[in-house]
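In: Build me a model:
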Amino acid sequence: MEINNQEDFLQTVRKALGRGTKVEPLDEAAYRTLFPSHLNAASKPGEGKGNVASKPGEGKGDVASKPGEDKENNASKVVEEEGDGASKVVEEEGGGVSKVLKGEGACGPNGSEGQGSMSEKLELLEALKEKGAPINLYVSLVPDKAAAAWAIRELAAEKSTEWGGEKQVAVWDHPLVNSLGLEGELAKEKIPVAGTLIPDLVDAGTEDKKKVYNKVVDSFMGVTSADYLVAETGTLVNRTRPHQPRMVSLVPSIHVAVVEFSRVLTDFHDLYTHLEREQLEDPNALTRSLTFITGPSRTGDIELVMVNGAHGPREVHLYILTGEL
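Out: Residues are numbered from 1 along each chain as shown. Model prediction:
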């Protein structure tokens, strides 16, 4: 929807956040910052079109800001949802980058952390560990990538293969996973790494894809990252992309996921808000498959006896990169 005025903007926000959401108009300074081209007719004589009146010494078109503040960081709007008192904050900052945050301590999708204090973020992680315990989701907080790589190496050395045979670890071709240096780390335990990268994927034949398939099938552990992590239930959310197949999190007996703390969201309401906004911004944001993983595979089909790993991994280990928290 093209935004030509304040009402168009409000309708777009309401559509993104859903029904029952109370949206208040932007104040004049915020509107001028976000849509300067809409104010051409309102310019004073002698001022350039669309410019906001500025103080002496300030460049035309700048929004007046306090000393020491970034001139383009003044526009913000709080949109409160009626009902349980939870609030969402929609911030527009200078370059048009938006963040949607829900609840205290929540985090945005692109490394943008929420407004919660350090203690609130740590409480969020502790809640995640608590949620994971009953479903055999093992949650570990690690300070950096080196610590995560070391932990994965120790885990691979400790665990035995489910059906016997040699150990092998399948890994996603993913920026975060690649940066862990797992091939070198696991080589210290003489455990080979099977990658999922298929060169020239467009022109790859059946045999090329089958080689990757067989490598993953022969692996007792699979390492992935995640698009998001829902703290309320300990649920990993993964999009399927080239070189990042679902089978790495499904076929091996042990699934390991490494996730940056900036990808941690509070609950599914927060998740769907992010997904809907991303889809509005980019129609191709949702790939052909979106997988939700909450702990290992579990079934009680036979005599109501609960068994892990019948239809997927029997263990899920989650390493959260906390950085300087």
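In: How about residues contacting the host helix or strand of Lys211?
Out: Assessed by DSSP states H and E, Lys211 sits inside helix 206-217. With contacts defined as CB atoms under 8 Å, 6 or more residues apart in numbering, helix 206-217 is touched by 168, 170, 194-196, 198-199, 222, 245, 247-248, 251-252. From N, CA and C alone the C-beta is placed, and that goes for glycine too.
In: what is the mean pLDDT for the helix or strand following that helix?
Out: Counting by DSSP H and E, the next helix or strand C-terminal to helix 206-217 is strand 221-224. Strand 221-224 comes out with an average pLDDT of 96.
In: Under a three-state scheme, what state does Ala170 occupy?
Out: Here Ala170 is recorded as strand under DSSP: H, G, I helix; E, B strand; the rest coil.
In: still on that earlier bit, narrow the contacts of helix 206-217 to those in helices?
Out: 247-248 (DSSP state H).
In: In JSON lines, list the contacts of helix 206-217 along with distance to Glu303 and neighbour count.
Out: Putting the contacts of helix 206-217 into JSON lines (distance: CB to CB, whole Å; neighbours: other CB atoms under 10 Å) gives the following:
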{"residue": "Gln168", "distance to Glu303": "34", "neighbour count": "20"}
{"residue": "Ala170", "distance to Glu303": "33", "neighbour count": "25"}
{"residue": "Ala194", "distance to Glu303": "36", "neighbour count": "20"}
{"residue": "Gly195", "distance to Glu303": "41", "neighbour count": "17"}
{"residue": "Thr196", "distance to Glu303": "38", "neighbour count": "22"}
{"residue": "Ile198", "distance to Glu303": "43", "neighbour count": "18"}
{"residue": "Pro199", "distance to Glu303": "48", "neighbour count": "8"}
{"residue": "Gly222", "distance to Glu303": "30", "neighbour count": "25"}
{"residue": "Pro245", "distance to Glu303": "34", "neighbour count": "23"}
{"residue": "Met247", "distance to Glu303": "30", "neighbour count": "15"}
{"residue": "Val248", "distance to Glu303": "32", "neighbour count": "28"}
{"residue": "Val251", "distance to Glu303": "26", "neighbour count": "19"}
{"residue": "Pro252", "distance to Glu303": "27", "neighbour count": "27"}
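In: If we only consider the contacts of helix 206-217, which is nearest to Gln11?
Out: Of all the contacts of helix 206-217, Gln11 sits closest to Pro245, with 39.5 Å by CB to CB.
In: my read: the closest one touches Ile198, true?
Out: No. Checked against CB atoms under 8 Å, the pair Pro245 and Ile198 is beyond contact range at 9.8 Å.
In: quick one: contacts for the closest residue to Ile191 other than its chain neighbours?
Out: Distances taken as CB to CB, 6 or more residues apart in numbering place Lys167 nearest to Ile191, at 4.8 Å, with adjacent residues excluded. Contacts of Lys167 were listed using CB under 8 Å, 6+ apart, and they are 156, 161, 191-192, 220-221.
In: same check, this time on Leu186
Out: 152-153, 156, 169, 192-193.
In: That'll do, ta.
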